[in-house]
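*Asks:* okay, predicted coordinates and the sequence, questions at the end:
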Amino acid sequence: MGKALIIGCGGVASVTIHKCCQNPDVFEEICIASRTVSKCDALKEKLGGGKTKITTAQVNADNVDELVSLIESFQPDVVINLALPYQDLSIMDACLATKTNYVDTANYEPPDTAKFEYSWQWAYRDRFKQAGITALLGCGFDPGVTGVFSAFAQKHYFDEIHEIDILDCNGGDHGYPFATNFNPEINIREVTAKGSYIENGKWVETEPMAIKRVYDFKEVGVKDMYLLHHEELESLALNIKGVKRIRFFMTFGQSYLTHLKCLENVGMTSIEPIDYEGQKIIPLQFLKAVLPDPASLGPRTVGKTNIGCIFKGIKDGNERHYCVYNVCDHQEAYREVGSQAISYTTGVPAMIGAMLLMQGTWNGAGVFNVEEFDPDPFMDALNKWGLPWQEDLDPVMVD
Ligand code: NDP
């Protein structure tokens with residue numbers, strides 16, 4: 001069917017690339033382009049020989065001109081951005097210049113401010129519309145599948161959704177006292193930020209980790225979870241009509257929290273540059289360099305993730321509760337694609353989003369969040385491509 005340019009070759013990209021190669025009728029050709037081309041070549045070496053033709057390229061995704069020449073020479077149908085949120089805007093600029101469709105999994109963050117919101121990318125709506133191309137934002141699991149779940153609940157189960165709780169539970173154990181399961185810099189910026197949620201259509205801000213709940217997750221068990229700010233709150237508030245409250249909770253073990261507090265207290269999570277022996281360094285980037293690479297956690301992580309949404313609303317005049325979730329096993333993911341479940345649950349939806357754009361099943365000119373499209377083909381594809389979902393019509397609600 002066509003060609004995809006995949007930018008980035010880390011934990012998430014590796015899964016997407018494996019999945020594209022399992023789907024050669026759609027992904028006839030892929031180019032893996034990243035800062036460190038040896039990682040792209042190693043993956044090509046591992047996966048080459050199948051039906052999908054693989055090429056590699058070195059690219060600095062902060063440089064729009066470099067991206068434009070790469071896109072012009074490869075001529076992809078879609079660019080899948082699996083580098084870091086810092087590169088979103090330069091890659092979107094290159095897609096605009098070459099009239100190429102765009103998919104990512106995380107919204108733009110300026111490198112010098114730990115702040116993530118959609119405003120920067122939503123500002124491209126008119127330009128993408130005029131160029132006649134599609135940008136699909138936040139097509140990982142959360143954001144991503146959580147938006148698809150919300151659109152699915154809206155379409156099939158509710159006349160009006162009033163409350164959404166997104167619960168992200170990682171019951172996996174990698175055996176390290178402290179490690180992050182995706183890019184450490186992005187992960188720590190996210191969890192040390194203030195928490196926030198939407199109540200009666202207004203943002204309420206909390207201190208980091210100030211709101212804790214305990215929840216019994218199917219196939220995982222009882223876990224502590226904490227309210228975080230998360231990007232899909234912003235888009236769901238806009239796209240799910242009538243919603244009054246949206247919250248996002250993520251589970252953390254005590255060891256993770258104790259280490260994080262200590263690292264914060266000694267200044268290791270700061271993004272302010274400091275002088276070290278005549279050199280400027282950013283403490284958080286130094287910390288990333290000494291922590292385990294998330295891509296290396298695959299072989300040692302055991303247990304499961306359970307990520308899903310619980311909805312409360314009205315159907316035919318009656319109050320209704322509904323939960324839809326996926327359980328993913330770290331070791332099964334590792335056996336299939338050599339990665340742990342966090343990379344797996346993000347990389348599979350990125351492949352599905354790109355596939356639906358290439359097939360024309362999801363189409364439209366402009367900048368979109370996943371919940372703006374018909375959820376049904378995406379829900380079918382989740383079952384087919386390794387992230388089967390389950391429903392609970394009488395879920396335990398979060399207070
Ligand atoms: P990694 O750090 O493992 O991989 C990032 C990749 O991008 C690396 O290959 C890196 O190159 C490359 N890269 C970084 N900067 C540049 C640049 N300037 N030019 C070219 N390549 C560059 O991250 P993850 O795979 O863990 O995460 C990827 C993305 O997925 C992130 O944006 C993250 O926020 C998002 N994510 C989304 C989730 C969701 O559910 N929606 C969940 C988890 C992650 P190098 O190898 O040289 O370092």
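*Replies:* Everything's here; your move.
*Asks:* so what sits opposite the residue sitting nearest the centre point of the chain in the bridge?
*Replies:* The residue lying closest to the centre of the chain (C-alpha atoms, centre = their mean) is G140, at 3.4 Å. Using DSSP bridges, the bridge partners assigned to G140 are G144.
*Asks:* how about the residues of the chain by the ligand?
*Replies:* 8-13, 34-36, 39, 59-62, 82-85, 87, 105-106, 140-144, 182-183, 186, 294-295, 346 (C-beta under 6 Å from any ligand atom). Yep, even glycine has a C-beta here, placed from its N, CA and C like the rest.
*Asks:* tell me which of those residues fall in helices.
*Replies:* 11-13, 39, 186, 346 (DSSP state H).
*Asks:* and the nearest residue to R125 once chain neighbours are set aside, what helix or strand is that in?
*Replies:* Excluding its sequence neighbours, the residue lying closest to R125 (C-beta to C-beta, 6 or more residues apart in numbering) is V367, at 4.6 Å. For V367, the host element (DSSP states H and E) is strand 366-369.
*Asks:* ok so, going back, are any of the residues of the chain next to the ligand buried, and which?
*Replies:* 8-13, 34-35, 39, 59, 61-62, 82-85, 87, 105-106, 140-144, 182-183, 186, 294-295, 346 (16 or more other C-beta atoms under 10 Å).
*Asks:* by contact count, what packs against the worst-scoring helix or strand of the chain on mean pLDDT?
*Replies:* Lowest on mean pLDDT, DSSP states H and E among the helices and strands of the chain sits helix 184-191, with a mean of 86. When contacts are defined as 3 or more C-beta pairs under 8 Å, 6 or more residues apart in numbering; DSSP states H and E, helix 184-191 packs onto helix 254-265, helix 283-290.
*Asks:* mean pLDDT, mean neighbour count and distance to E163 for these - can I get that in JSON lines?
*Replies:* Output for those, formatted as JSON lines (pLDDT from 0 to 100; neighbours: other C-beta atoms under 10 Å; distance: least, C-beta to C-beta, whole Å):
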{"stretch": "helix 254-265", "mean pLDDT": "91", "mean neighbour count": "14", "distance to E163": "27"}
{"stretch": "helix 283-290", "mean pLDDT": "94", "mean neighbour count": "15", "distance to E163": "34"}
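*Asks:* returning to that earlier point: what's the first helix or strand after the strand holding V367?
*Replies:* By DSSP H and E, the next helix or strand past strand 366-369 is helix 375-384.
*Asks:* tell me which residues are up against that next one.
*Replies:* Outside of helix 375-384, the residues within contact range by C-beta atoms under 8 Å, 6 or more residues apart in numbering are 145, 148-149, 151-152, 155, 326, 348-349, 352-353, 355-356, 361-362, 370, 388-389.
*Asks:* at 7 Å instead, please
*Replies:* 145, 148, 151-152, 155, 352, 355-356, 361, 388-389 (C-beta atoms under 7 Å, 6 or more residues apart in numbering).
*Asks:* who wins on neighbours among those?
*Replies:* Taking other C-beta atoms under 10 Å as the neighbour criterion, V145 ranks highest of those with 32 neighbours.
*Asks:* residue contacts, that residue?
*Replies:* In this structure, V145 makes contact with 326, 349, 382, judged by C-beta under 7 Å, 6+ apart.
*Asks:* any idea how many residues pack against the second one?
*Replies:* Meaning P349. Residues near P349, counting by other C-beta under 10 Å: 33.
*Asks:* do P375 as well
*Replies:* Applying other C-beta under 10 Å, I find that P375 has 21 neighbouring residues.
*Asks:* could you check how far it is from the ligand?
*Replies:* 17 Å (C-beta to the nearest ligand atom, to the nearest Å).
*Asks:* between the two ends of stretch 319-339, how far is it?
*Replies:* 41 Å (C-alpha to C-alpha, to the nearest Å).
*Asks:* list the buried residues of it.
*Replies:* Neighbour-count burial for stretch 319-339 [16+ other C-beta under 10 Å]: 320-331, 333-334, 337-339.
*Asks:* H229 falls within a helix, correct?
*Replies:* No. If the criterion is DSSP: H, G, I helix; E, B strand; the rest coil, then H229 is coil and not within a helix.
*Asks:* chain center to stretch 199-216, what's the gap?
*Replies:* Remark: stretch 199-216 is offset 21 Å from the chain centroid, using C-alpha atoms, centre = their mean, to the nearest Å.
*Asks:* start to end distance for it?
*Replies:* Start-to-end, stretch 199-216 (C-alpha to C-alpha) is 24 Å.
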